[in-house]
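[1] Here you go, sequence then predicted model.
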Amino acid sequence: YAAVIRVNSQSGKGGIAYLLHTEYGLELPRRLQIDFARKVQSHADSTGLEITAAELRELFDSAYLDAPDHAPVVLKDRRSTGGDTEITLVVDGTTRVGTYRSADPVAALTEALAAAGYPVEILEATRQSVATATERYAITYLEYRRGSAVEWTCGRGESEEVSALDAVIRAANRTAVAVG
C-alpha cells in the first residue's frame, strides 16, 4: 500500500510537517509548523488545488530560505581566535569590520548587526543536519522578533554553524526590507 496524504486548504500542520520530514528530512519546530501551515492554507485557498510534496518544499523555500531581492547586509568573513570573533560585514556596499568578545560566532554576528543598525532579536534557533539520498547540509530554523511581530526564517550551509549565521543574516535582511 502506498501512503496518501493530501494537502489542501483544510490540512493541518501535522500532515504538512510529516511530508516535509519524510520527503526532505526537515524536522520543523512546532511553532514553525504552525506558521508554515498558515502559509500553505493561504496558498491552497488561493489556488483551490491540492499541494504536492514538491510544491510544499517550494513554498517552504520561498517563505523561509529565499533571499530578498535587495539584501543590504552580507556576511563577508568571520574569524574566531581565543575568546574573540572578528566579523566582516558589507552593509549597503560599505565594509565594516569589528571584533567582539564572544567565542560564539552567532552572538558576535548579532552584536555586529546591532552596531551596523540591523538588530536581530533571536527568540529560538533550532539547528539540524539533513542527509537525503542526494544531498547533505545543515539547516537552522530561526524565530526572531521584528518590532512587535514574531517571524521565522531559515539558513542553510555546509555546517550547523554556517547555517545559523546564514539564518541570522536572512533575518537582518528581511527586517531591513520590511522597514525600508
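    Yes, it's here.
[2] From now on I want contacts and neighbour counts done on CA atoms only, so please keep to that.
    Fine.
[3] Who does the residue nearest to the spatial centre of the chain form a beta bridge with?
    The centroid of the chain falls nearest to Cys154 when counting by CA atoms, centre = their mean (0.9 Å). Going by DSSP bridges, Cys154 is paired in beta bridges with Tyr141.
[4] what about it, distance to Asp166?
    Separation of Cys154 from Asp166 (CA to CA, to the nearest Å) stands at 8 Å.
[5] before we move on, the earlier item: can you tell me which residues contact the residue nearest to the centre of the chain?
    Counting by CA atoms under 8 Å, 6 or more residues apart in numbering, Cys154 touches Tyr64, Leu65, Ile139, Thr140, Tyr141, Leu142, Ser163, Asp166, Ala167, Arg170.
[6] and the second one, what is it in contact with?
    Contacts were defined as CA under 8 Å, 6+ apart; by that measure Leu65 touches Thr153, Cys154, Gly155, Arg156, Arg170.
[7] Not counting sequence-adjacent ones, nearest residue to Pro72?
    Asp92 (4.8 Å; CA to CA, 6 or more residues apart in numbering).
[8] how close does that neighbour get to Asp66?
    19 Å.
[9] can you count the residues close to Val73?
    Counted with other CA atoms under 10 Å, residues neighbouring Val73 total 22.
[10] top helix in this structure by residue count?
    Ranked by number of residues, the top helix in the chain under DSSP state H is helix 160-179.
[11] quick one: buried residues of that helix?
    Of the residues in helix 160-179, 160-176 count as buried by neighbour count, 16 or more other CA atoms under 10 Å.
[12] One more: stretch 103-111?
    Ala103, Pro105, Val106, Ala107, Ala108, Leu109, Thr110, Glu111.
[13] and the fourth one, what are its phi and psi?
    With angles defined as degrees, to the nearest 10, Ala107 shows backbone torsions of phi -60, psi -40.
[14] from now on call the first residue 59
    Got it, first residue is 59 now, which makes that one Ala165.
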